[in-house]
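K.L.:
here are the coordinates; sequence isn't available:
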């Protein structure tokens, strides 16, 4: 679905409990994803009554600064964090906005994505970084907005480097177009239903929006896992290729003692290799030769070595 350039020594945690880090790394690095918060508002009196009748709360988008004051700061202070500053991160906003713009809209609407970095000090004086993704979608009578955040902490001497690398990875995420096209096709088919079911579709659209946001979090985890697995596979293949190239330059062959499972590098390109208990080896192209039967070998015990692939 997408690729992002995370460092090789950052490890994704695919299975975890709520509150556990989604990424861990060197120097005390950990990234924790917090629960998605979804809100809605409508200026249509009849829809307001319907939502209130079902016990749902309506809340209009208050703006970035108000979200920081009303939602983020109280929650952070309860965790022992002291606010330092906040600022938009344009490069991450750009990627979030691009992704939002690609998605099919069932009704004419405008969407705005904003990525905000917030800096804090922990109770022990350590720095803490909270990256907040905000998304606002507005149509004629409906407003949906959401908050999804991830917190990063690390040792003081590594923190600033980790913060910059985390932002860089998010800012350079590249989404594949095929999954987006498939999603849009499904949403377009849904929107083709008759106007007789309009009110029902509005409720379904809200549920779909919330499911989409949850799916986005799950998809991001899957993307990170796929990126890490692909990187490890490519790195291992590169190591094998480099090893084979170097052995070719020095005219060496990779062999294995089948009894012990230990690998060795021997000179030349013979058909057979044998090794004695002193670690001395001989190579031969003579088919069927066995030094254990050769009287000239002073009755030493020889173990045949098998060539192994890279």
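P.N.:
All right, it came through fine. On a predicted model such as this, the values are computed, not experimentally measured, just so you know.
K.L.:
Looking at the nearest residue to residue 77 once chain neighbours are set aside now. What's its pLDDT?
P.N.:
Counting by C-beta to C-beta, 6 or more residues apart in numbering, the nearest residue to residue 77 once its immediate chain neighbours are dropped is residue 83, at 7.7 Å. For the C-beta atoms, the positions are set from N, CA and C on the backbone; glycine is no exception. According to the prediction, residue 83 has pLDDT 98.
K.L.:
Give the helix, strand or coil label for residue 83.
P.N.:
strand (DSSP: H, G, I helix; E, B strand; the rest coil).
K.L.:
Give the burial count for it, as a bare number.
P.N.:
Residue 83 has 16 neighbours, counted by other C-beta atoms under 10 Å.
K.L.:
try residue 58
P.N.:
As a burial measure, residue 58 scores 14 neighbours (other C-beta under 10 Å).
K.L.:
cool, residue 125 as well?
P.N.:
For residue 125, the neighbour count with other C-beta under 10 Å is 8.
K.L.:
partner residues bridging the residue nearest to residue 77?
P.N.:
As for beta bridges, residue 83 partners with residue 120 under DSSP bridges.
K.L.:
my guess is it contacts residue 120, does it?
P.N.:
Yes - using C-beta atoms under 8 Å, residue 83 makes contact with residue 120 at a distance of 6.0 Å.
K.L.:
where do the contact lists of the two overlap?
P.N.:
Shared contacts of residue 83 and residue 120 (C-beta atoms under 8 Å, 6 or more residues apart in numbering): residue 76.
K.L.:
rewinding a little: contact partners for the residue nearest to residue 77?
P.N.:
If a contact means C-beta under 8 Å, 6+ apart, then residue 83 has 73, 76-77, 118, 120 as its contacts.
K.L.:
and the gap between it and residue 163?
P.N.:
As for residue 83, its distance to residue 163 is 16 Å (criterion: C-beta to C-beta, to the nearest Å).
K.L.:
Could you do residue 20 as well?
P.N.:
Separation of residue 20 from residue 163 (C-beta to C-beta): 21 Å.
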